Structure formats: C-alpha cells, structure tokens
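1. sequence unknown, structure follows:
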C-alpha cells in the first residue's frame, strides 16, 4: 500500500524490485535492478541485489 502512494523515485523502484524478487518474478526484478545499477542514489544497493539474484538464479 505504501508503495502505491509513494512518489516515483529510484528508492521506490528498488523497493519494487525487491518485492518482485520476493514474489519470484526474477526476470522482471533483474530487469529493474539492471536499470538502477548506475543510479547515483541506489546503484550500489541495486548491484548487490542483482548479484544475489544472479546467484539464486544460477543455483
């Protein structure tokens, strides 16, 4: 609910990507994280999440 009301920003997009990972929508989560990995605000966190997601996918 909170994310529905939140202003669109990199932090919101990162949170949505995390929710997608949790829901098992790995392709969509990966796509969003790849888009965010060079963002100055959330890039480092997006890269770490992307690494974790890739490890999970490649198990």
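-> Looks like it came in fine. Given the structure is predicted, the values throughout are model-derived calculations rather than measurements. Numbering: from 1, shown residues only.
2. who's in contact with residue 10?
-> Neighbouring residues of residue 10 by C-beta atoms under 8 Å, 6 or more residues apart in numbering: 36, 39, 41, 42. Just so you know, the C-beta spots here come from the backbone N, C-alpha and C atoms, and that holds for glycine as well.
3. Looking at per-residue confidence, what score does residue 14 get?
-> Here, the pLDDT recorded for residue 14 equals 95.
4. circling back: tell me which two of the contacts of residue 10 sit farthest apart.
-> Farthest apart among the contacts of residue 10 by C-beta to C-beta are 36 and 41. That separation is 8.9 Å.
5. What are the contacting residues of the lengthiest helix in the chain?
-> Criterion DSSP state H: the longest helix present in the chain is helix 43-57. With contact meaning C-beta under 8 Å, 6+ apart, helix 43-57 is reached by 14, 17, 18, 21, 26, 29, 30, 33, 34, 36, 37, 39.
6. what's the distance between the fifth one and residue 52?
-> Residue 26 sits 11 Å away from residue 52, taking C-beta to C-beta, to the nearest Å as the criterion.
7. Also the fourth one?
-> Look at residue 21 and residue 52: by C-beta to C-beta, they are 8 Å apart.
8. Narrow the contacts of helix 43-57 to those that are buried.
-> Among the contacts of helix 43-57, those scoring as buried are 14, 17, 18, 21, 29, 30, 33, 36, 37, 39 (criterion: 16 or more other C-beta atoms under 10 Å).
9. okay, among those, which ones form the most distant pair?
-> 21 and 39 (17.4 Å).
10. And the longest helix of the chain, what's buried?
-> 45, 46, 49, 50, 53.
11. Greatest separation within those residues: which pair is it?
-> Farthest pair in these, by C-beta to C-beta: 45 and 53, 12.4 Å.
12. tell me which element residue 13 falls in.
-> Taking DSSP states H and E as the criterion, residue 13 maps to helix 10-22.
13. what sits up against the next helix or strand after that helix?
-> Downstream of helix 10-22, the first helix or strand assigned by DSSP H and E is helix 26-36. Contacts with helix 26-36, where a contact means C-beta under 8 Å, 6+ apart, come from 10, 13-14, 16-18, 20-21, 42-43, 46-47, 49-50, 53-54, 56-57.
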